[in-house]
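**Student:** Build the 3D model from these lines:
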Amino acid sequence: LFDEYGGGNNVTFINNLLYITMPDLYYYIYNISSYLIEYYNWRPNTKQLGIRVVELLEYTVDSELSWHSDYDSIYTMVIMLSNENDYNGGTFMIIPRYENNQLKERENIEDDIIYIDPSQYSAILFDSLADHSVSKILDGQRTVLAIEFWPFSDTNMSHLRPPPDESLGYLVPSFYIQEPISKYANKQFTIPDG
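**Tutor:** The predicted structure follows:
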């Protein structure tokens with residue numbers, strides 16, 4: 001199940017370009033993630049974190065994303081931009097970690113896999129250390145926006161996927177959420193400090 005990591009998508013890094021060109025979307029992402037984290041009582045809140053990387057990921061026929069974790073980040077948020085009728089395949093899969101940050105004892109690792117086929121403009125927010133992948137695209141094109149939050153300040157365009165300058169030292173609970181972000185379109189949010 002966990003062979004060597006292999007990316008199978010076209011990546012466009014947009015890091016702080018998101019803040020510069022679309023500040024409303026930037027704050028909307030922070031506010032939605034903060035709201036969900038508060039709602040589910042997870043810590044730390046994204047208001048206390050910076051954005052490590054923002055990637056526009058495009059998957060085409062026969063591409064997939066092998067099992068991996070987003071090490072050095074705390075949370076990963078994936079926003080589905082494609083309509084579910086634009087492609088076939090491309091199921092998001094995740095294996096959550098548990099209270100002791102380890103996989104629970106089990107006979108078959110595949111028993112713990114959660115399969116998610118997100119609808120357009122829905123978001124999946126999860127523990128960055130949870131193993132996750134995307135199954136092969138059979139037809140069409142699948143496009144998502146992936147945002148990783150980490151305990152340092154926002155990165156700029158010169159650092160596409162920077163390593164941390166020091167040990168993270170965070171104990172992150174295991175979880176994942178899938179919520180339609182449009183559900184929160186009429187909610188009033190406070191813009192995070194910093």
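**Student:** C-alpha only now, for contacts and for neighbours.
**Tutor:** Noted.
**Student:** mind listing the strands for this protein?
**Tutor:** 10-13, 50-59, 65-68, 75-80, 87-89, 92-95, 114-116, 122-127, 131-134, 137-140, 142-150, 176-180 (DSSP state E).
**Student:** low-confidence ranges in the chain?
**Tutor:** 1-7, 98-109, 157-194 (pLDDT under 70).
**Student:** tell me which residues of the longest helix seen in it are tucked away?
**Tutor:** In the chain, assigned by DSSP state H, the helix with the most residues is helix 23-39. Within helix 23-39, the residues that qualify as buried are Y26, Y27, Y28, I29, Y30, N31, I32, S33, S34, Y35, L36, I37, counting by 16 or more other CA atoms under 10 Å.
**Student:** Pick the one among those residues closest to A146.
**Tutor:** Nearest to A146 out of the buried residues of helix 23-39 is I29 (CA to CA; 10.8 Å).
**Student:** residues touching L56, list them.
**Tutor:** V11, T12, F13, I14, T143, V144, L145, A146 (CA atoms under 8 Å, 6 or more residues apart in numbering).
**Student:** Please disregard the earlier target; I meant G50.
**Tutor:** Counting by CA under 8 Å, 6+ apart, G50 makes contact with F149, W150, P151, F152, S153, D154, T155.
**Student:** picking up where we left off before, so of the strands of the chain, which one's packed in deepest?
**Tutor:** Mean neighbour counts were taken over these using mean count of other CA atoms under 10 Å, and the top value, a mean of 24, falls to strand 75-80.
**Student:** for it, packing partners?
**Tutor:** strand 122-127, strand 142-150 (3 or more CA pairs under 8 Å, 6 or more residues apart in numbering; DSSP states H and E).
**Student:** CA atoms only for it - export them in PDB, please.
**Tutor:** Provided in PDB are the C-alpha atoms of strand 75-80 (Å, rounded to 0.1, in the frame of the first residue of the first chain):
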ATOM      1  CA  TYR A  75      -3.400  20.900   8.900                       C
ATOM      2  CA  THR A  76      -4.100  20.400   5.200                       C
ATOM      3  CA  MET A  77      -7.200  21.800   3.500                       C
ATOM      4  CA  VAL A  78      -8.200  20.600   0.100                       C
ATOM      5  CA  ILE A  79     -10.900  22.600  -1.800                       C
ATOM      6  CA  MET A  80     -12.500  20.800  -4.800                       C
END
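**Student:** Neighbouring strands - and their directions - for it?
**Tutor:** strand 122-127 (antiparallel), strand 142-150 (antiparallel) (DSSP bridges).
**Student:** Off-centre distance for the first one?
**Tutor:** In this case it means strand 122-127. 5 Å (CA atoms, centre = their mean, to the nearest Å).
**Student:** Let me know the angle separating that strand from helix 23-39.
**Tutor:** For strand 122-127 against helix 23-39, the angle by axes from the mean of the first three to the mean of the last three CA atoms, to 10 degrees is 60 degrees.
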